[in-house]
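Visitor: sequence and predicted model, in that order:
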Amino acid sequence: MKRMSQLFQPFKRNEPYLTSTTLTLPIITITGTQSLLIENTYSLIEYEHNRIVLQSNEYTIAITGVNLSISFMYPNELMLTGSIEQVVFQ
Amino acid sequence: MKHKQGKYIFSSLTITMTGNNLEKVLQSFIQQDYPVWDINKVSDTVSHLQIYEHHLHALTLLADDYDMEIVKGKVSGGTSFLKKLWKRKEWIIAFIISGIFIFLLTQTAWKVEIKGVSIHLEDKIKENLAELGLYQGAWTYNLASLDVIQDQVLHDMPELLYLGIEKQGVTYHIDALEKKSEKHLADSNSEQLIANKSGVVLKMFIKSGQPIVEINDVVKKGDILVKNEIETTEEEEKDKKKTNKVPVQGKVYANTWYNISLTTSLQLEQNQLTGNHIQKYQLQVKDTNIPLWGFWRSSYEQYVANEEVKALHLWKWNLPIQMIEQTIYEYNDQQVKRTLPETQEAVIKHVDNHIKTTLGQDTEILKYYVLHESVENGKVNMNIYLSVLENIAVEK
C-alpha cells in the first residue's frame, strides 16, 4: 500500500502546469525586433504599415513598428515580421 | 508553419485585395480554417496576400460581403504546373512517343562483334547467328536466351572449341576459339590396344599399329590385340630386321554376351498432351505481378505450365520490370494396356537403347534369346540372353 501511494506522489505534490485559464491567454514569442509570433486565441482588429492591433480574450495588443507585414495567419497562430518598436498591452 | 508546406504540392495564388475591411475579411477567412500567408500592405486600401487556389471561392464570397475587390495574380505550385502541362498535350504526346521510340531502339542489336577466329570462321558464325535471329539490326526482344544460342551454334559448328556471347548494352560481343587437332608423337612408351572383355573377333579397323589377332579369334580379357612395334627390313641388309615404335590407333569389334533380367508392367500410365494451350502475360515489378493478358482464362484440370521471364532493359541498364510469358498446356492421363508381344518389343527397344548408351553408339545387338518369361500380378518378368557386337579394344 505504501509503495502504491508513493507511485502517485509526484502527481499529488505539483499543481498542473496548464490550467484552463492559461490556455486562453495569448503566448507571444518575440525574436529580436524582427519577428513576433502570437499563439492562442486572437482577432485581427487593425492592420497598417506601422501598426497592428490584435484582440485576445483579456487584452488588446498593439504592435508598432516599421514595414510590418504578416508572414502567416492561421486560426490560432499569427507571425509578424518587420522592424518592431513597441508592444503595448491595453 | 504546417499549413504553408502544402503550397509546393497544391496550387497557391497571389491575390490583390482593395478595400477598407481587410481585417474583417481575413478574420472571417481564417475562422473557416483557411490559412493565409505573406500579407503585405501596399497602401491604405491595397494589400497583397497568398492563399491556396482551392480556397479562392470562399474568399470571394467574404470579399463580396465586406465590399472588397479581389484581383487574381500569379499561380504557383505542383498542381498548377500539371494543369499547364495538360493544356500543352502535344508535349505529353511527344514525350510518350520519344520514350517508346527510345525503348524500341534499345531492343535492337546495334552491333555484333566476333573475335578470336579467322575471317572464314567468322563469316560462318555470322551466318549461323543470323539463322537464329541474332544479327546487326535484329529485334532482340523475342530472341532466345544467349545460352541456347551458344549451344546451338556449338552444335552446328563442331570445329569450334568454345563460343561465348556477351551482351553489353545494345552490342553483342562474341568470343570464339577454334579446335586444333593434336598430333600423336611416337615414343618408346606408346600404347598398345588390349581387350577389355572376352569375345570372338568379328571386325577390325586398325589405323596404325601391328595387329596380333585375326578375324574369328577367341580373345580373353587382357589379351594384346594390336602392338606398337612394327618390324621392317632394309633393302640392302635383308637379314637384319629393325623394329620401329609407332602409335596405335584402331577399333576391334568382337561378339560378346550378356544376360539381363528385368521386370516391366503390362499396363502403362502415360501423360499425353492434348494440344490445347493458353497463354498469359504478366508484368513483374519487384515482387508484384500485374496481369496484362489472358488472366480471365481459367487453367485446365490437368496442366503443365512453362514460364519464360524476360527482363526489360534500357541500353546497359536493367529495368526493375520483367515480362513473364506463361504457356499452360493441357494433358491427359492415359492408361495403355499392352499385350505380351508388345511388352516384349518395348523391352527389347529399351535394352537396345541402354546398351548403346552404356557401350557406345556403334554397339549392335546381333541376336537375343528370351531364356525365361513369366507374368504375375500384371507384371512381366524376363530373362534375356544377348549376343552383342562391340568395340573391345582399349589403349594401355
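Guide: Right, received. Where do you want to start? Residues are numbered from 1 along each chain as shown, chains lettered A, B, ... in the order given.
Visitor: any idea which helix or strand in chain A has the lowest mean pLDDT?
Guide: Taking mean pLDDT, DSSP states H and E as the measure, chain A has helix A:9-13 as its least confident helix or strand, at a mean of 49.
Visitor: quickly run through the sheet partners of the next helix or strand after that helix, with directions.
Guide: As assigned by DSSP states H and E, the chain's next helix or strand after helix A:9-13 is strand A:27-31. Strand A:27-31 sits in its sheet next to strand A:35-39 (antiparallel), going by DSSP bridges.
Visitor: how about the partner strand: buried residues?
Guide: Under the neighbour-count criterion of 16 or more other C-beta atoms under 10 Å in any protein chain shown, strand A:35-39 has A:36-38 buried. Any C-beta I mention is one placed from the backbone N, CA and C, and that applies to glycine too.
Visitor: contacts for it next, please.
Guide: Residues outside strand A:35-39 that contact it (C-beta atoms under 8 Å, 6 or more residues apart in numbering or on different chains) are A:26-31, A:54, A:56, A:61, A:63, A:71, A:76-81, A:84, A:87.
Visitor: need the contact list for A:Gln55.
Guide: By C-beta under 8 Å, 6+ apart, A:Gln55 lies in contact with A:42-43, A:45, A:61.
Visitor: by neighbour count, which of the residues you listed wins?
Guide: Within the contacts of A:Gln55, most neighbours by other C-beta atoms under 10 Å in any protein chain shown means A:Tyr42, with 22 neighbours.
Visitor: these two touch, right, it and A:Met79?
Guide: No: if you go by C-beta atoms under 8 Å, A:Tyr42 and A:Met79 don't touch, sitting 11.8 Å apart.
Visitor: CA atoms of whichever strand or helix holds B:Thr60 as CSV?
Guide: For B:Thr60, the element it lies in under DSSP H and E is helix B:56-65. What follows is helix B:56-65, C-alpha atoms only, in CSV (Å, rounded to 0.1, in the frame of the first residue of the first chain):
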residue,chain,number,x,y,z
LEU,B,56,-10.5,31.3,-53.6
HIS,B,57,-14.2,30.8,-53.8
ALA,B,58,-14.6,31.2,-50.0
LEU,B,59,-12.5,34.4,-50.0
THR,B,60,-14.5,35.8,-53.0
LEU,B,61,-17.8,35.3,-51.0
LEU,B,62,-16.3,37.1,-48.0
ALA,B,63,-15.0,39.9,-50.1
ASP,B,64,-18.4,40.4,-51.6
ASP,B,65,-19.9,40.5,-48.1
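Visitor: re earlier: counting neighbours, which of the contacts of strand A:35-39 end up buried?
Guide: A:26, A:28, A:54, A:56, A:61, A:63, A:71, A:77-81, A:84, A:87.
Visitor: which residues touch the residue lying closest to B:His313 once chain neighbours are set aside?
Guide: Sequence neighbours aside, B:Leu319 is the residue nearest to B:His313 in space, at 6.0 Å (criterion: C-beta to C-beta, 6 or more residues apart in numbering or on different chains). By C-beta under 8 Å, 6+ apart, the residues touching B:Leu319 are B:311-313.
Visitor: run through chain A and note the low-pLDDT ranges.
Guide: Low-confidence segments of chain A (pLDDT under 70): A:1-23.
Visitor: spatially central residue in chain A, please.
Guide: Centroid check for chain A by C-alpha atoms, centre = their mean gives A:Ile27 as the closest residue, at 1.7 Å.
Visitor: any idea how far A:Thr41 is from that residue?
Guide: Distance, A:Ile27 to A:Thr41, by C-beta to C-beta, to the nearest Å: 10 Å.
Visitor: how many residues are close by the closest residue to chain A within the stretch 101-250 of chain B?
Guide: Taking C-beta to the nearest C-beta, chain A has its nearest neighbour within the stretch 101-250 of chain B at B:Ile102, 45.1 Å off. For B:Ile102, the tally of surrounding residues (other C-beta under 10 Å) stands at 11.
Visitor: need the three-state assignment for it.
Guide: At B:Ile102 the chain is in helix, as set by DSSP: H, G, I helix; E, B strand; the rest coil.
Visitor: residues contacting it?
Guide: Counted by C-beta under 8 Å, 6+ apart, B:Ile102 has contacts B:Leu314.
Visitor: if you set the cut-off to 10 Å instead, what comes out?
Guide: Taking C-beta atoms under 10 Å, 6 or more residues apart in numbering or on different chains, we find B:Ile102 in contact with B:314-315.
Visitor: now swap in B:Gln326 and tell me
Guide: By C-beta under 10 Å, 6+ apart, B:Gln326 lies in contact with B:278-282, B:294, B:299, B:305-309.
Visitor: among these, the buried ones, what's the ChimeraX command?
Guide: Restricted to buried positions by 16+ other C-beta under 10 Å, the ChimeraX selection for the contacts of B:Gln326 reads:
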select /B:278,280,282
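Visitor: mind checking which of the contacts of B:Gln326 are in helices?
Guide: Assigned to helices by DSSP state H, none of these qualify.
Visitor: pLDDT check: weakest of the contacts of B:Gln326?
Guide: pLDDT is lowest at B:Ser299 among the contacts of B:Gln326; the value there is 81.
Visitor: give me phi/psi at it?
Guide: phi -70, psi 170 (degrees, to the nearest 10).
Visitor: about what we covered before: widest-spaced pair of the contacts of B:Gln326?
Guide: Among these, the pair separated by the greatest distance (C-beta to C-beta) is B:Ser299 and B:Val309, at 18.9 Å.
Visitor: does B:Thr327 really touch B:Asn276, like I thought?
Guide: No: the pair B:Thr327 / B:Asn276 is not scored as a contact, 11.2 Å apart, by C-beta atoms under 10 Å.
Visitor: quick one, which of those two is more surrounded?
Guide: Taking other C-beta under 10 Å, B:Thr327 and B:Asn276 do not tie; B:Thr327 has more neighbours (14 against 11).
Visitor: pretty sure that one is in a strand, no?
Guide: Yes: counting by three-state DSSP, B:Thr327 is part of a strand.
Visitor: now B:Pro250. Nearest residue, chain neighbours left out?
Guide: Pro isn't right for residue B:250; it's Gly. That would be B:Ile206: by C-beta to C-beta, 6+ apart, it lies 3.7 Å from B:Gly250.
Visitor: ok, the one you found touching B:Tyr253?
Guide: No: under the criterion of C-beta under 10 Å, B:Ile206 makes no contact with B:Tyr253, lying 11.6 Å away.
Visitor: flag every residue of chain B that's near chain A.
Guide: Neighbours of chain A within chain B, by C-beta under 10 Å from any C-beta of the partner chain: B:1-4, B:22-27, B:29-44, B:47-50.
Visitor: among the residues you listed, which are located in strands?
Guide: Taking DSSP state E, the ones among those that sit in strands are B:36-41, B:47-50.
Visitor: tell me the centre residue of chain B?
Guide: B:Ser145 (3.9 Å).
Visitor: CA atoms of the lengthiest helix in chain B as CSV?
Guide: Ranked by number of residues, the top helix in chain B under DSSP H is helix B:340-359. C-alpha atoms of helix B:340-359 as CSV (Å, rounded to 0.1, in the frame of the first residue of the first chain):
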residue,chain,number,x,y,z
LEU,B,340,2.6,-59.6,-74.2
PRO,B,341,4.3,-59.3,-77.6
GLU,B,342,4.0,-55.5,-77.4
THR,B,343,5.6,-55.6,-74.0
GLN,B,344,8.4,-57.8,-75.2
GLU,B,345,9.1,-55.5,-78.1
ALA,B,346,9.2,-52.5,-75.8
VAL,B,347,11.6,-54.3,-73.5
ILE,B,348,14.0,-55.1,-76.4
LYS,B,349,13.9,-51.5,-77.5
HIS,B,350,14.7,-50.3,-74.1
VAL,B,351,17.6,-52.8,-73.8
ASP,B,352,19.0,-51.7,-77.1
ASN,B,353,18.9,-48.1,-76.1
HIS,B,354,20.6,-48.9,-72.8
ILE,B,355,23.3,-50.9,-74.4
LYS,B,356,24.1,-48.1,-76.9
THR,B,357,24.2,-45.6,-74.1
THR,B,358,26.5,-47.7,-72.0
LEU,B,359,28.8,-49.3,-74.5
